[in-house]
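K.L.:
build me a model:
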Amino acid sequence: MNKYTFEDIIQRDGKLVYTNRGDSMMPLIKEGRDLLVIEKTRGRLKKFDVPLYKRDSGQYVLHRIIRVRKQDYVICGDNRINFEYGITDRHIAGVLTAVIRNGKEVSVNSTKYKLYVYLWYFLFPMRFIAVKTKNLFRKLKRKL
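P.N.:
Numbers count the residues shown, from 1 in each chain. Here you go, the predicted model:
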């Protein structure tokens, strides 16, 4: 049995369609519900792009670019509050171009998608407070 990496499939076919694992990109992407279309990158990525990248540990991650710097990207999941630094072009396997939900494809170029991205980004301070509050309640619940 041949074992192909995401990079192999993207290189061979030009794109990868798969479902994710985890909740780091909720509410946009939900595990077991959505299919993701990942395509080859064409040059340097830009703010709000969602790359599929491979950490040095070998773990694949799909998170949003928050800032483009000269040598790397600052990246964060839509359902996360901690930024990840040091992700370079060599880490990136491809970039999200569409989400397929209930058989309907939503392009990252659609107005609906772009509205979500801008609202989600500008609500980051409130998300930060919500996540910190949720974590505090979890911690208190465990102690009780």
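K.L.:
identify all contacting residues around the top helix by length along the chain.
P.N.:
Ordering each helix of the chain by length in residues (DSSP state H) puts helix 124-143 first. Applying CB atoms under 8 Å, 6 or more residues apart in numbering, the external contacts of helix 124-143 come out as 80, 81, 120. In this view, the C-beta of every residue, glycine as well, is placed from N, C-alpha and C.
K.L.:
can you redo those as JSON lines with neighbour count and pLDDT?
P.N.:
Below are the contacts of helix 124-143 laid out as JSON lines (neighbours: other CB atoms under 10 Å; pLDDT from 0 to 100):
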{"residue": "80", "neighbour count": "17", "pLDDT": "90"}
{"residue": "81", "neighbour count": "14", "pLDDT": "88"}
{"residue": "120", "neighbour count": "16", "pLDDT": "90"}
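K.L.:
can you lay out those as JSON lines showing distance to residue 32?
P.N.:
Output for the contacts of helix 124-143, formatted as JSON lines (distance: CB to CB, whole Å):
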{"residue": "80", "distance to residue 32": "19"}
{"residue": "81", "distance to residue 32": "24"}
{"residue": "120", "distance to residue 32": "21"}
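K.L.:
need those residues in a markdown table (columns: secondary structure and distance to residue 71).
P.N.:
Compiled in a markdown table, the contacts of helix 124-143 are given as follows (DSSP: H, G, I helix; E, B strand; the rest coil; distance: CB to CB, whole Å):
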| residue | secondary structure | distance to residue 71 |
| --- | --- | --- |
| 80 | coil | 22 |
| 81 | coil | 24 |
| 120 | helix | 26 |
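K.L.:
closest one of those to residue 49?
P.N.:
When these are compared for distance to residue 49 (CB to CB), residue 120 wins out at 14.0 Å.
K.L.:
any idea how far that closest one lies from residue 29?
P.N.:
12 Å (CB to CB, to the nearest Å).
K.L.:
what about the helices in this protein?
P.N.:
Using DSSP H, helices in the chain cover 6-13, 111-122, 124-143.
K.L.:
lowest-confidence stretch among those helices?
P.N.:
Of all those, mean pLDDT reaches its minimum on helix 124-143 (a mean of 85).
K.L.:
give me the buried positions along that one.
P.N.:
Buried positions in helix 124-143, judged by neighbour count with 16 or more other CB atoms under 10 Å: none.
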